[in-house]
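Chemist: mind looking at a prediction? Sequence and model below.
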Amino acid sequence: MKKQYDVEDAIRNPYAKHLKKQDTLRLNTDVITYFKALAKEIGIPYQNLISLYLTECAHSEKKLTLAWAS
């Protein structure tokens, strides 16, 4: 590796700002515990696992069916 690189002519990735956005979600502790255990089993960070799951739901346009008790 070089000690120093010339980056004067470097071009920023125009797609970088669309890759991820920081946001805050309030999740139940049992949900976090579930994803942490599953992520440990798989060997990836639990935040990535949650992101992958939500991405899959969004791409497949999965809808949640709620039935409220009366």
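Modeler: Looks like it came in fine. Residues are numbered from 1 along each chain as shown.
Chemist: which ones are touching the residue nearest to K36 when sequence neighbours are not counted?
Modeler: Of all residues not flanking K36 in the chain, Y46 sits nearest, at 4.6 Å (C-beta to C-beta, 6 or more residues apart in numbering). Using the backbone N, CA and C atoms, a C-beta is placed for each residue, glycine as well. Contact partners of Y46, counting by C-beta atoms under 8 Å, 6 or more residues apart in numbering, are 32, 35-36, 38-40.
Chemist: want to throw the residues you listed into CSV with secondary structure, pLDDT and neighbour count?
Modeler: Formatted as CSV, the contacts of Y46 follow (DSSP: H, G, I helix; E, B strand; the rest coil; pLDDT from 0 to 100; neighbours: other C-beta atoms under 10 Å):
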residue, secondary structure, pLDDT, neighbour count
I32, helix, 97, 13
F35, helix, 97, 18
K36, helix, 98, 15
L38, helix, 98, 14
A39, helix, 97, 17
K40, helix, 97, 12
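Chemist: those: which two are farthest apart?
Modeler: I32 and K40 (12.3 Å; C-beta to C-beta).
Chemist: distance of the residue nearest to K36 from K2?
Modeler: 37 Å (C-beta to C-beta, to the nearest Å).
Chemist: closest to K63 among the contacts of Y46?
Modeler: F35 (21.1 Å).
Chemist: so what's the residue count around I50?
Modeler: Here the count is done by other C-beta atoms under 10 Å, and I50 has 19 residues near it.
Chemist: next one: the one 4 residues further on
Modeler: For L54, the neighbour count with other C-beta under 10 Å is 12.
Chemist: ok, the residue positioned nearest the centre of the chain - contacts?
Modeler: What sits nearest the mean C-alpha location of the chain, by C-alpha atoms, centre = their mean, is S51, with 2.6 Å. With contacts defined as C-beta under 8 Å, 6+ apart, S51 has no neighbours.
Chemist: check which helix or strand it maps to.
Modeler: Take DSSP states H and E as the rule and S51 turns out to sit in helix 46-59.
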